[in-house]
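Undergrad: No letters, just coordinates:
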């Protein structure tokens with residue numbers, strides 16, 4: 001096993017947000033994201049990104065998501081992938097995205 005194995009095992013893919021909804025039932029404020037990964041593949045994710053994003057600003061935006069994780073239940077909602085972000089220095093999350101539009105479903109390598 002080499003040091004890259006854990007990174008190579010992570011399936012990080014690009015998706016476009018097709019819907020975004022406030023998620024007030026979540027213990028920590030969150031937004032429900034409906035993501036398109038290309039073809040017929042869609043998944044939902046709960047993302048704690050309310051410090052920097054409003055739901056109506058997210059449709060059409062591309063994001064990166066970890067897709068080979070088991071689904072999690074968040075306040076009765078099935079979150080099927082983990083949208084990736086980095087801290088903004090003030091406790092909020094900034095979404096990670098490609099720097100130009102790319103085909104949905106593409107894998108980070």
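TA: Right, received. Where do you want to start? What you are looking at is a predicted structure, and each value in this text was computed from that prediction instead of being measured. Residues are numbered from 1 along each chain as shown.

Undergrad: quick one: the strands in this structure?
TA: Taking DSSP state E as the test, the strands found in the chain are 12-23, 30-36, 42-47, 62-66, 72-74, 77-79, 82-83, 85-87, 93-95.

Undergrad: weakest of the ones you listed by average pLDDT?
TA: Mean pLDDT per stretch puts strand 72-74 lowest among the strands of the chain, at a mean of 93.

Undergrad: tell me the pLDDT at residue 61?
TA: We note a pLDDT of 98 for residue 61 in this prediction.

Undergrad: tell me, what residue is most central in this structure?
TA: Closest to where the C-alpha atoms of the chain average out (CA atoms, centre = their mean) is residue 83, at 1.9 Å.

Undergrad: Can you say which of the strands of the chain is nearest to residue 108?
TA: Closest to residue 108 of those is strand 12-23 (CB to CB; 4.0 Å). No exception for glycine: its C-beta is placed from N, CA and C like everyone else's.

Undergrad: can you pull the contacts of the residue lying closest to residue 106 once chain neighbours are set aside?
TA: Spatial nearest neighbour of residue 106, excluding adjacent residues (CB to CB, 6 or more residues apart in numbering): residue 14 at 4.9 Å. Going by CB atoms under 8 Å, 6 or more residues apart in numbering, residue 14 touches 37, 62-65, 97-98, 102-106, 108.
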